[in-house]
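Asker: need the 3D shape of this:
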Amino acid sequence: MLDGAVAVFDAVSGVEPQSETVWRQADRYGVPRIAFINKCDRVGADPDECVRQIQERLKAHPVVVQIPNGLESDFTGIIDLIRMRQIVWSDDTLGATFVDDEIPSALLDRARAARTAMIEALGEVDDEVMTLFLEERTPTVAILLSALRRVTVAGRAVPVLLGAAFKNKGVQPLLDAVVDYLPSPSDIPPVTGKDGAGQAITRAPTDEAPYAALAFKIMNDPFVGQLTYFRVYSGRVESGATVFNATKGKREKMGRLLRMHANKREDIKEVTCGNIAAAVGMRVSTTGDTLCDEKAPIVLELMDFPAPVISIAIEPSTQANQEKLAIALHKLSVEDPSFTVRTDPETGQTLISGMGELHLEIIVDRLVREFKVEASVGRPQVAYRETVTKVSHAEGKFIRQTGGRGQYAHVLIQVGPSEYGKGVVFEDATVGGVVPREFIPSVEKGAREALARGIVAGYPVIDAAVTLTGGSFHELDSSEMAFQIAGSLGTQAAARDAAPILLEPLMSVEVITPDEFMGEVMGNLASRRGRVSGMETRGSAQAIAAEVPLSTMFGYSTDVRSMTQGRATYTMQFARYAPVPSQVTETIVERMRGA
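Answerer: Numbers count the residues shown, from 1 in each chain. Prediction:
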């Protein structure tokens, strides 16, 4: 949604791990940025070191447009290098009032040197300023502002400002910088989407164009209910208007429109192009949906949500909380598309999945704090599978004589491996009617049930071919149930002799880590039975691709943060099933027998 962003850094801590993660995301989406070095009044504040880290860690091109007037407890204000003025804030009014004054003579030499360095840094990315610098001509304030805006919008440079936000020092110039350097909605190219026929169309960022907006956030407000945040890309919309949800093809009525100020709300009558607002009462729209004029439908680019990388099992602390938990989890999943809820069909557990252990910890905390639902969490079970590795034959017989009509079924079964991803394939290869046609489906049903129960450790068998090769029947005693049981017995016997093995899910893992931690990350992946498949350089970081068994990935989020001082990130998704090593198979089988 952002046309521009303000990146806030700690003058003491410098570029922190989360800053790197967010900065990479801004790089990915091409969002122009300005940097604000905060907490210049703290003990140990070092803005120069922070600028150096922005340059080295983030591979950015910082242009320092302010220097501090004092640091730590002596921090009183800043020197504006563009206008060459000093701004000093009053502690008595918590930064609400300030004095714009001449630079003291004691600071003038330092300010001039810093201004020369600023012009030189700006000249490296802007031809007009570079020409003036080489000709030893002094650029005017207007030229500097214009050049800074140009390179910031283009993403070639990052203006750096200073302050101490707790006492509101530096906040007013920061807000001016947002206006001066970051793009306005009219600076952004017309938004592109698709019409009903799938053809690409654009919408100009004007109030007169047909209405088009994107719902980008759903939030449950305890006072007004569900809020739908949306950004208007073209046109305007009024409170109470009926709009068209082009993503879902349904009409939607906007109730109240609110301008949000952190946790405060202001009712407004309309929202115009380029603005962000929240609507009350929308029932159909979810994150990523396009809202537009029904007469001019458009579907904007869909939002890309990363797949969850970690899952835990959750259950209510009491039976009475079962329904409350389900309702609360549904509301949270509507709010946050990177959080999903599902029931594992094999274990019956409710699994919640998110972007990391901290993400899920916050979800569980919100369940208690906001929804008053106590829940306990645990480690989920890995969905192992089994398969066979060679062809085997067996006989299945089911004969019962109980005085009256008996039960008789006799089948010859062949079990062997099939093509990867095909599941269980059944084939009837009998000739001459040795097994009547009406009993073939019963044999198949029995065979599939036998393989679903597993051979090695009770996990379903996949990628196996079952062939009915022969058999016999009795005119009176044969029945569908008898052939189903015979098919099950024969398949189990053949599968036991077909060298069955256990399979485990392998995950495709990508770790993005700074260079200095690459060896430790790769060693840790190897200790988890991972196999590195490739590496590539991405800016200042290395992207390591690997395949790792899911069973070894629990707790990885915490470990990778510990190894890399919190500076690495990773994504994980299912890749394929692969054989489990024999020593690991023994452990799993023993665990299943113990259960």
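
Asker: phi, psi of residue 567?
Answerer: Residue 567 adopts backbone torsions of phi -100, psi -10, taken as degrees, to the nearest 10.

Asker: that one is in contact with residue 19, isn't it?
Answerer: No - counting by C-beta atoms under 8 Å, residue 567 does not reach residue 19; the two are 9.6 Å apart. C-beta coordinates here come from the backbone N, C-alpha and C atoms, glycine included.

Asker: and the contacts of stretch 149-160?
Answerer: 4, 7, 30, 32-37, 51, 54, 60-66, 121-122, 125-126, 148, 177, 180-183, 187 (C-beta atoms under 8 Å, 6 or more residues apart in numbering).

Asker: ok, now with 7 Å
Answerer: Identification of contacts with stretch 149-160 by C-beta atoms under 7 Å, 6 or more residues apart in numbering yields 30, 32-35, 37, 51, 60-65, 122, 125-126, 148, 177, 180-183, 187.

Asker: what comes up buried for that stretch?
Answerer: The neighbour-count check on stretch 149-160 (16 or more other C-beta atoms under 10 Å) flags 149-153, 155-160 as buried.

Asker: for stretch 287-295, same thing?
Answerer: 287-293.

Asker: likewise stretch 378-395?
Answerer: Under 16+ other C-beta under 10 Å, the buried positions of stretch 378-395 are 380, 382-388, 392-394.

Asker: gap between the two ends of it?
Answerer: 44 Å (C-alpha to C-alpha, to the nearest Å).

Asker: mean confidence (pLDDT) on that stretch, please.
Answerer: Regarding stretch 378-395, the rounded mean pLDDT is 85.

Asker: chain center to that stretch: distance?
Answerer: 32 Å (C-alpha atoms, centre = their mean, to the nearest Å).

Asker: same check, this time on stretch 27-45
Answerer: The answer for stretch 27-45 is 24 Å, by C-alpha atoms, centre = their mean.

Asker: again, but for stretch 108-119
Answerer: 43 Å.

Asker: what's next to it, contact-wise?
Answerer: 63-65, 67, 79, 81, 84, 103, 129, 133, 139.

Asker: point out where the stretch 301-450 of the chain drops to low pLDDT.
Answerer: 306-310, 346-347, 355-357, 379-381, 403-404 (pLDDT under 70).

Asker: let's go with 90 and repeat that
Answerer: 301-328, 330-340, 342-362, 364-385, 400-407, 419-423, 430-434 (pLDDT under 90).

Asker: max-length helix in the protein?
Answerer: helix 105-123 (DSSP state H).

Asker: pairing partners for the strand ranked longest in the chain, with directions?
Answerer: For the chain, the strand that runs over the most residues, judged by DSSP state E, is strand 500-514. In the sheet, strand 500-514 lines up against strand 385-388 (antiparallel), strand 541-549 (antiparallel), strand 569-579 (antiparallel) (DSSP bridges).

Asker: give me the buried positions along the second one.
Answerer: Judged by neighbour count using 16+ other C-beta under 10 Å, the buried positions of strand 541-549 are 541-542, 544, 546-549.

Asker: now the element after it, going C-ward?
Answerer: helix 556-563 (DSSP states H and E).

Asker: picking that back up, mind putting the buried residues of stretch 149-160 in JSON lines, pLDDT and secondary structure included?
Answerer: Converted to JSON lines, the buried residues of stretch 149-160 look like this (pLDDT from 0 to 100; DSSP: H, G, I helix; E, B strand; the rest coil):
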{"residue": "149", "pLDDT": "93", "secondary structure": "helix"}
{"residue": "150", "pLDDT": "92", "secondary structure": "helix"}
{"residue": "151", "pLDDT": "93", "secondary structure": "helix"}
{"residue": "152", "pLDDT": "93", "secondary structure": "helix"}
{"residue": "153", "pLDDT": "91", "secondary structure": "helix"}
{"residue": "155", "pLDDT": "89", "secondary structure": "coil"}
{"residue": "156", "pLDDT": "92", "secondary structure": "coil"}
{"residue": "157", "pLDDT": "93", "secondary structure": "coil"}
{"residue": "158", "pLDDT": "95", "secondary structure": "strand"}
{"residue": "159", "pLDDT": "95", "secondary structure": "strand"}
{"residue": "160", "pLDDT": "95", "secondary structure": "strand"}
